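[1] attaching a predicted model along with its sequence, questions to come.
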Amino acid sequence: MGHTHLMTRAWRMAVLLGATAALAACEDGQGFDFLKKKDTAETDTAELVASADGETIEREVEAPEVFQANEDGLWDGRPSLGGVWVAYPGVKDPERVVIRNLTNDKTVIGALFRRERDNPGPKLQLSSDAAQTLGLVAGQPTKMSVVALRTEQVPVAQPAAVSELEGTESLPAPDAIEAQSLDPIDQARAALDKPAPEATPVAKPTPVAAAPVRQSSSLSKPYIQIGIFSVKDNADNTATSLRGIGIVPEVKQGSSQGKNFWRVVVGPSGSSSERATLLKKVKGLGFNDAYFVTN
């Protein structure tokens, strides 16, 4: 029993002496390098520049080389489906366009289609939604401008370096740390005698349900666009009517030149035959101007 007690005391003294040597090494500037503050300003600056390098954003610009028309437009006064659109003879493929009423400078984003037949009067034929948004009077020709839109990639501006972000005002100095003399033997003994804290149970993370995976498609244009709307309620009402007959649409919001618009699309279709069947069903509901789009 006495031998065991002597061995325990000898072990404690060895630990105390080791702690004393460690504390003495700290006072001489040796050891515990992890307590020293590292200079991270240069590293942070490099990370800021690297994170922005190569990033781009999309914006829409006018593309008159694709399509442009500056002439009278007409709304015949009849209601039409498909939201905001304009039709013009000779158009090859549907386009997204910006439509302007040059008499009052009102604009709207819509779709451009090929006019099926040439009737007497202005070549530009507008839908009822487009006419109401632009302030057209039924049966009255109005000077219009229609320009195609294209999406371009624009580099994201890199953040300024840390030295540029910092102002001329200097940061306040940190509070002074009061130095206190410590008895290394007493400190080591207190650390040995202090009971170890109980481990805190770690809460198990709540499982998150996986989001449904959208159907993949090899088609370049797997979606069908039902229409473009300048009023969200009109887009929602169109989507609701489609859901009532078993078609699941999606309302997508976009903006161009400061104007918001909402597109109603269905898809993606997994094959050409599936897409053709869906388009036939959509046109059978009266959406004759529906067409294939990328997304």
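    Looks like it came in fine. Residues are numbered from 1 along each chain as shown.
[2] Gly254 pairs with what?
    Beta bridges link Gly254 to Phe261, judged by DSSP bridges.
[3] list the contacts of it.
    Contacts for Gly254 were tallied using C-beta atoms under 8 Å, 6 or more residues apart in numbering; they are Ile109, Asn260, Phe261, Trp262, Arg263. C-beta coordinates here come from the backbone N, C-alpha and C atoms, glycine included.
[4] go on, Gln153?
    Contacts were defined as C-beta under 8 Å, 6+ apart; by that measure Gln153 touches Thr56, Ile57, Glu58.
[5] what about the second one, which helix or strand?
    By that I understand Ile57. If you go by DSSP states H and E, Ile57 is part of strand 56-62.
[6] flag every buried residue along the lengthiest strand in the chain.
    When the chain is scanned for its longest strand (criterion: DSSP state E), the result is strand 142-155. The neighbour-count check on strand 142-155 (16 or more other C-beta atoms under 10 Å) flags Thr142, Met144, Ser145, Val146, Val147, Ala148, Leu149 as buried.
[7] what's the angle from that strand to strand 56-62?
    Per axes from the mean of the first three to the mean of the last three C-alpha atoms, to 10 degrees, the angle that strand 142-155 makes with strand 56-62 is 160 degrees.
[8] average pLDDT for strand 142-155, rounded please.
    Averaged over strand 142-155, pLDDT sits at 89.
[9] and what of stretch 241-248?
    The average pLDDT within stretch 241-248 is 89.
[10] first-to-last residue distance for it?
    10 Å (C-alpha to C-alpha, to the nearest Å).
[11] swap in stretch 244-251?
    Using C-alpha to C-alpha, the end-to-end distance of stretch 244-251 comes out at 15 Å.
[12] who's in contact with it?
    226, 232, 235-236, 238-239, 242-243, 262-266, 278, 281-282, 285.
[13] tell me which of those fall in helices.
    Lys232, Ala235, Asp236, Thr238, Ala239, Leu242, Arg243, Leu278, Lys281, Val282 (DSSP state H).
[14] in TSV: those residues, plus distance to Ser255 and neighbour count.
    TSV is the format used below for the ones in helices among the contacts of stretch 244-251 (distance: C-beta to C-beta, whole Å; neighbours: other C-beta atoms under 10 Å):
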residue	distance to Ser255	neighbour count
Lys232	12	13
Ala235	14	23
Asp236	17	15
Thr238	19	22
Ala239	19	21
Leu242	23	19
Arg243	25	11
Leu278	27	17
Lys281	30	17
Val282	25	21
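[15] between the residues you listed, which is nearest Pro89?
    Set against Pro89, the nearest of the ones in helices among the contacts of stretch 244-251 by C-beta to C-beta is Val282 (24.2 Å).
[16] any idea how far Glu60 is from that closest one?
    Distance, Val282 to Glu60, by C-beta to C-beta, to the nearest Å: 25 Å.
[17] correct me if wrong: Gly90 contacts Leu112.
    No - the pair Gly90 / Leu112 is not scored as a contact, 11.1 Å apart, by C-beta atoms under 8 Å.
[18] the more surrounded of those two?
    Neighbours per residue, other C-beta atoms under 10 Å: of Gly90 and Leu112, the larger number sits with Leu112, 24 against 9.
[19] got the contact list for the host helix or strand of the more buried one?
    If you go by DSSP H and E, Leu112 is part of strand 106-114. With contact meaning C-beta under 8 Å, 6+ apart, strand 106-114 is reached by 67, 82-92, 94-101, 127, 130, 133-135, 146, 148-149, 225, 227-228, 230, 254, 256-257, 259, 261, 289, 291.
[20] rerun at 6 Å
    Strand 106-114 is contacted from outside by 84-87, 91, 94-95, 97-100, 130, 133-135, 228, 230, 256, 259, 261, 289, using C-beta atoms under 6 Å, 6 or more residues apart in numbering.
[21] ditto for stretch 261-271
    Contacts of stretch 261-271 with the rest of the structure, by C-beta under 6 Å, 6+ apart, involve 109, 215, 217, 222-230, 232, 235, 238-239, 247, 249-254, 275.
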